[in-house]
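1. sequence and predicted structure below; questions after.
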Amino acid sequence: NEKMWNAERKFYFDLTVDGKQAPAKTIAAYWTLLAGVASPEQAEALAAELRDPRSFGRKHRVPTTPADQQGFDPAGGYWQGAVWAPTNTMVIRGLERHGKQELAREIALEHLRIVGEVFLSTGTVWENYAPDSAAPGKPARGDFVGWTGIVPIAYFLEYAIGLSPDAPAHLLTWKIQSAKRSGCERYRFDGHTVDLLAEPQGTEPGRMAVTVQSDGEFRLRIVHGGEVRELAVKKGTNVLAVP
């Protein structure tokens, strides 16, 4: 905070070899969110950059180099603007640590959607992606599940379906995001295999029937319609109506 925060530009900057602040903004500043060293005011300033289309808030967030910096490449240019699953995950987890869950989910679903669109058009997942179009980055390697696999697995399960696991606490939180039928089969959690299903129940809007099939016991916290319910899941079939 003493050496890298720039109060005038409201951003963290890397240091040059002689200890001075480098002039360019980069995605590296967001490690401060994940590390917990940014104040609430600093975190809000960093979040504002993610919403600004002149900076990091491009069609596909989060470019490694923002659009208002010299050298930004709208096609990606590897680290000159490309969007990468590991750096996006760092940004998203940092936002969550600072209570900005809605922005984190917004960016995660955006990344998931574009990775899905590019998969449909190319038949594979890519090392990185363009910030200004639904396209692979240039350059980028295809069939790159190594870290892009984070997106169709973790992003889909955690942000689209809404599952947040806490195995040490034996607690699975499910924020039911859709009014339609949703869930996950053969979900591995806390040493158990679990089938989770939520589907509309009756004619009352928003009422869901939740069915959980498990081979072991754990706690399930369901967040839906502004209400929180907790279920002690037993081995076998468990049924709960929410809200």
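-> That came in fine, so what should we check first?
2. so what touches stretch 195-203?
-> Here stretch 195-203 makes contact (Cβ atoms under 8 Å, 6 or more residues apart in numbering) with 163, 174, 176, 178-187, 207-214, 224, 241-242. In short, each C-beta sits where N, CA and C put it, glycine included.
3. any of these buried? List them.
-> 163, 174, 176, 182-184, 187, 208, 210, 212-214, 224, 242 (16 or more other Cβ atoms under 10 Å).
4. take these and keep only those in strands.
-> 163, 174, 182-184, 187, 208, 210, 212-214, 224, 242 (DSSP state E).
5. from one end of stretch 47-55 to the other, what's the distance?
-> 11 Å (Cα to Cα, to the nearest Å).
6. same for the biggest helix by length in the chain, what does it pack against?
-> Longest helix of the chain, by residue count under DSSP state H: helix 101-122. The contact analysis (3 or more Cβ pairs under 8 Å, 6 or more residues apart in numbering; DSSP states H and E) places helix 101-122 against helix 40-51, helix 85-97.
7. list the contacts of the residue nearest the centre of the chain.
-> Compute the mean C-alpha point of the chain, and by Cα atoms, centre = their mean the closest residue is residue 108, 3.5 Å away. By Cβ under 8 Å, 6+ apart, the residues touching residue 108 are 88, 92, 155, 158, 159.
8. ok, it to residue 91 distance?
-> Taking Cβ to Cβ, to the nearest Å as the measure, residue 108 falls 10 Å from residue 91.
9. which stretch of helix or strand covers residue 66?
-> Assigned by DSSP states H and E, residue 66 falls within no helix or strand.
10. can you report how many residues lie near it?
-> Residues lying near residue 66 (other Cβ atoms under 10 Å) number 23.
11. now for it: which residues touch it?
-> Going by Cβ under 8 Å, 6+ apart, the list of residues near residue 66 reads 25, 26, 49, 55, 56, 72, 81.
12. by neighbours, which of those residues wins?
-> Within the contacts of residue 66, most neighbours by other Cβ under 10 Å means residue 56, with 30 neighbours.
13. isn't that one up against residue 27?
-> Yes - counting by Cβ atoms under 8 Å, residue 27 is a contact partner of residue 56 at 7.5 Å.
14. overlap in contacts of those two?
-> In contact with both residue 56 and residue 27: 62, 63, using Cβ under 8 Å, 6+ apart.
15. and the ones in strands among the buried ones among the contacts of stretch 195-203, which is closest to residue 235?
-> Comparing these against residue 235 with Cβ to Cβ picks out residue 214 as the nearest, at 6.1 Å.
16. so what's the closest one closest to, chain neighbours aside?
-> Excluding its sequence neighbours, the residue lying closest to residue 214 (Cβ to Cβ, 6 or more residues apart in numbering) is residue 194, at 4.7 Å.
17. one step back: what about the contacts of residue 66, which are in strands?
-> If you go by DSSP E, the contacts of residue 66 have nothing in strands.
18. dump the residues you listed to CSV, plus distance to residue 99 and pLDDT.
-> Below are the contacts of residue 66 laid out as CSV (distance: Cβ to Cβ, whole Å; pLDDT from 0 to 100):
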residue, distance to residue 99, pLDDT
25, 23, 96
26, 24, 97
49, 17, 98
55, 22, 98
56, 19, 98
72, 30, 97
81, 28, 97
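19. make JSON lines from those and add distance to residue 114 to it.
-> Formatted as JSON lines, the contacts of residue 66 follow (distance: Cβ to Cβ, whole Å):
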{"residue": "25", "distance to residue 114": "22"}
{"residue": "26", "distance to residue 114": "21"}
{"residue": "49", "distance to residue 114": "20"}
{"residue": "55", "distance to residue 114": "19"}
{"residue": "56", "distance to residue 114": "15"}
{"residue": "72", "distance to residue 114": "18"}
{"residue": "81", "distance to residue 114": "14"}
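20. helix or strand: which one has the residue nearest to residue 214?
-> Counting by DSSP H and E, residue 194 is part of strand 192-200.
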